[in-house]
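Trainee: build me a structure from this.
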Amino acid sequence: MDYKSDVLDISYLGKNIKIERKKKAIKQNVLAKQIGISNTYLSDIERQKTIPSLTTYIKICKVLNVDLEYILKKH
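Mentor: A predicted model of the protein is given here:
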């Protein structure tokens, strides 16, 4: 599934969340619990199987201590 559009390219969202989570040595199940979602749902986000709600996206960024824009950029 390709979530690319002319308005917003979120194709890096899941990859960047996973990279930042691993940089901070946070296990997937720990991050999921901290933001109130299932481990399976977080896994789906990181594997680009689903797009999180804006609220979930903000919670992830807060826990990972990264800017919203940073997660969307190609690195």
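
Trainee: hmm, Ile10 is touching Ile51, no?
Mentor: Yes. If you go by CB atoms under 8 Å, Ile10 and Ile51 touch, sitting 6.4 Å apart. Glycine gets a C-beta too; all of them are placed from N, C-alpha and C.

Trainee: spatially central, which residue of the protein would that be?
Mentor: Per CA atoms, centre = their mean, the C-alpha nearest to the average position across the chain is that of Ile17, at 3.8 Å.

Trainee: tell me which helix or strand that one sits in.
Mentor: Per DSSP states H and E, Ile17 falls inside helix 13-23.

Trainee: mind giving me the packing neighbours of that helix?
Mentor: For helix 13-23, the contact count by 3 or more CB pairs under 8 Å, 6 or more residues apart in numbering; DSSP states H and E identifies helix 39-46, helix 54-64, helix 68-72 as packing neighbours.

Trainee: got the contact list for it?
Mentor: Contact with helix 13-23 is made by 3, 28, 31, 45-48, 51-52, 57, 60, 64, 66, 70-73, 75, as judged by CB atoms under 8 Å, 6 or more residues apart in numbering.
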